[in-house]
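**Q** Just to be clear, the model below is a prediction. Sequence and coordinates:
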Amino acid sequence: MNIQTKTAFFDEPLYLESGRILQPFEIAYETYGTLNEDKSNVIIVTHALSGSHHAAGTYEGERKAGWWDSLIGDEKAVNTKEHFVICMNNIGSCFGSTSPMSINPITNEEYRFKFPVLTITDIVKAQIRVLNSLGIDSVKAVIGGSMGGMQALCYAIEYPTFAKSIIALATTAYTRPWAIAFNKVTIEAIRKDPDFKNGYYESKDIEENGLNGLAVGRMAGHISYLSPSSMDDKFGRRYVNNDGLYELFGRFEVERYLEYNGYNFPKNFDPLSYLYIAKTMNIFNASRGSDTLEQSLSNIQSKLHLISFSGDMLFRPQEMQEIFDTMKSIGKEDIVTYREIQSDYGHDAFLVEVDKFKEQIENILKD
């Protein structure tokens, strides 16, 4: 598979939904496969909160492949022998695109809290800027799950003729209190950690030592990404072998799992980026700019394919069912499909249970 990693730089201002301006800005992105002559084989892949532009394949010396490697690649469902796949790192993220720890050209110091709050609309607008710079004015499909699914819906609503197909997985039309509550735990844990230093920490200190507040918040996040059934199957009531049952801080296996994932995460993810991205997700509302969801969805002209997972406790299946029902109620039943996949895994099923939906995506891309 032909993998290329690049960064697009823009000196022209990006006008944000808040009324603020981001200038200049850059976006890291990765491409897979080869662009055909008429540029008709482009597929956009959008990533979730902690994802990046590294969606597939492996770098030299890398042990872990990209986050959707089971879906994207030569002879896979998103076949890079046929399609030219682009995954862009969201602005605000900490993997190469302009973010809170980027240098503010006005002050010549990191933005930190002077970075603007972004919306999904802003993120997609920046991505469109990258695509236009590549001479791409339409694509075959946009595919994304979770926060990536929010972006996919944004493409469908705000750029109605841009994509032939939109595939949104494990997402929602607007973030509900349940998801906002989980984000609140992480936000408060970060802010109240003394090592956060009110946002004026040194990046190298976080990379070396992590941030306990972000680690604890990430543990809460992992609970929302799984489900009671998946935890039963994965851990049961097994106890860590070398921890004493009657030791106060002896651990069940599920506790060790949360510690491992929680305390490793901050060494690879910037706390301020996390705060800004959580805010972006919290304020997402596909009806923004319209009076109702019906009015927003009435803009859609692409074929919209919705995929939910029965065990998803973060963005529950009924949230995607609402999008489907609304599309039908406004007379767009001919361009929308909905499938609820039976899964006990939880929200992260869209990342780990690819076998359950890869054939569907492959068939959509053949259309």
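**A** Right, received. Where do you want to start?
**Q** residue contacts, Asn89?
**A** Contacts for Asn89 (CB atoms under 8 Å, 6 or more residues apart in numbering) come out as Ile27, Ala28, Tyr29, His47, Ser52, His53, Phe95, Gly96, Ser97. Placement of C-beta: from N, CA and C, glycine included.
**Q** Is it possible to get JSON lines of these that adds secondary structure, neighbour count and distance to Glu353?
**A** Shown next, in JSON lines, are the contacts of Asn89 (DSSP: H, G, I helix; E, B strand; the rest coil; neighbours: other CB atoms under 10 Å; distance: CB to CB, whole Å):
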{"residue": "Ile27", "secondary structure": "strand", "neighbour count": "24", "distance to Glu353": "30"}
{"residue": "Ala28", "secondary structure": "strand", "neighbour count": "22", "distance to Glu353": "28"}
{"residue": "Tyr29", "secondary structure": "strand", "neighbour count": "22", "distance to Glu353": "27"}
{"residue": "His47", "secondary structure": "coil", "neighbour count": "25", "distance to Glu353": "18"}
{"residue": "Ser52", "secondary structure": "coil", "neighbour count": "22", "distance to Glu353": "21"}
{"residue": "His53", "secondary structure": "coil", "neighbour count": "24", "distance to Glu353": "23"}
{"residue": "Phe95", "secondary structure": "coil", "neighbour count": "18", "distance to Glu353": "25"}
{"residue": "Gly96", "secondary structure": "coil", "neighbour count": "19", "distance to Glu353": "29"}
{"residue": "Ser97", "secondary structure": "coil", "neighbour count": "25", "distance to Glu353": "29"}
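**Q** what helix or strand is the residue lying closest to Ala215 once chain neighbours are set aside on?
**A** Among residues not flanking Ala215 along the chain, Gly262 sits closest, at 4.1 Å (CB to CB, 6 or more residues apart in numbering). Per DSSP states H and E: Gly262 is located in helix 253-264.
**Q** for the helix or strand that that helix is followed by, packing partners?
**A** Counting by DSSP H and E, the next helix or strand C-terminal to helix 253-264 is helix 271-282. If you count contacts as 3 or more CB pairs under 8 Å, 6 or more residues apart in numbering; DSSP states H and E, helix 271-282 packs onto helix 147-158, helix 177-191, helix 212-225.
**Q** If you count neighbours, what's buried in the very next helix or strand once past helix 271-282?
**A** Using DSSP H and E, the helix or strand that follows helix 271-282 in sequence is helix 293-297. Across helix 293-297, burial judged by 16 or more other CB atoms under 10 Å covers Leu293, Ser296, Leu297.
**Q** orientation of the helix or strand just after helix 293-297 relative to helix 147-158 in degrees?
**A** Next helix or strand after helix 293-297 toward the C-terminus (DSSP H and E): strand 303-309. Comparing the axes of strand 303-309 and helix 147-158 via axes from the mean of the first three to the mean of the last three CA atoms, to 10 degrees yields an angle of 150 degrees.
**Q** okay, the next helix or strand after strand 303-309 in CSV with CA atoms only?
**A** Next helix or strand after strand 303-309 toward the C-terminus (DSSP H and E): helix 317-329. Taking Å, rounded to 0.1, in the frame of the first residue of the first chain, the C-alpha atoms of helix 317-329 are listed here in CSV:
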residue,chain,number,x,y,z
PRO,A,317,-28.6,3.2,18.7
GLN,A,318,-31.8,5.2,19.1
GLU,A,319,-29.7,8.4,18.5
MET,A,320,-28.9,7.2,15.0
GLN,A,321,-32.4,5.7,14.6
GLU,A,322,-33.7,9.3,15.1
ILE,A,323,-31.6,10.5,12.1
PHE,A,324,-33.0,7.7,10.0
ASP,A,325,-36.6,8.3,11.1
THR,A,326,-36.2,12.0,10.4
MET,A,327,-34.8,11.4,6.9
LYS,A,328,-37.9,9.3,6.2
SER,A,329,-40.3,11.8,7.6
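**Q** what's the following helix or strand past helix 317-329 in contact with?
**A** Following helix 317-329 in sequence order, the next helix or strand is strand 336-341 (DSSP H and E). For strand 336-341, contacts defined as CB under 8 Å, 6+ apart pick out 303-310, 317, 320-321, 323-324, 327-328, 349, 353, 356-357, 360.
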